[in-house]
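fold the following for me, if possible:
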Amino acid sequence: MKTIRAIATLAACLLCLAGCGGGGGISKVKGKVKFPAGTKVPSKDPQLLVIFWPDVPKPANSFAATVLDHKEGTFEVGGVDGKPMPPGKYKVVVELFDYSAGRVDALNKKYDFQHSKKIIDVDGKSELNITLD
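So this is what the prediction gives:
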């Protein structure tokens, strides 16, 4: 009888501990890249890369987006070290690779790290709609 009671107590404690985690996780900001008119999105194996760099002289962290749909341009951005992506201005790096053609950027490197002039304001709550021209 004592063994059954001990097992029941242990099980109850484990259930309580499992429910006391606070919900966890990093709040994610979702968004979509609207490609420029005439962009030929690869039909076979497109790979979209979206990175946000804080628009400050020496950024500590960048934020890589998790692409949800490479053809549609949808993504979500989490955070770093258990903290969400902070509000602020970010330089946006976007590349759309066509691996069937040998890793060719369908955006002609216009929005890669060296050439992108796309700056957006992130409030941490609103969906990020990035229109490339």
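
please count neighbours and contacts with C-alpha atoms only from this point.
OK.

so residue 92 is in which element?
strand 88-98 (DSSP states H and E).

list of residues touching that strand?
41-42, 44-55, 103-107, 109, 111-113, 116-123 (CA atoms under 8 Å, 6 or more residues apart in numbering).

apply 6 Å and report the result again.
With contact meaning CA atoms under 6 Å, 6 or more residues apart in numbering, strand 88-98 is reached by 42, 46-55, 103-106, 111-113, 118-122.

buried among those residues? Need that as a selection in ChimeraX.
Here is the ChimeraX command that selects the buried residues among the contacts of strand 88-98 (16 or more other CA atoms under 10 Å):
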select :42,46,47,48,49,50,51,52,53,54,104,105,106,111,112,113,118,119,120,122
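
list the ones among the contacts of strand 88-98 that fall in strands.
Residues of the contacts of strand 88-98 located in strands (DSSP state E): 46-54, 104-105, 119-122.

check pLDDT for those residues and point me to the minimum.
For the ones in strands among the contacts of strand 88-98, the minimum pLDDT belongs to residue 104; the value there is 85.

quick one: contacts for that residue?
97, 98.

how about it: which residues does it bridge to?
residue 98 (DSSP bridges).

can you check residue 51 too?
Here residue 51, judged by DSSP bridges, has bridge partners residue 64, residue 93.

please report the distance of it from residue 67.
To residue 67, residue 51 is 10 Å away according to CA to CA, to the nearest Å.
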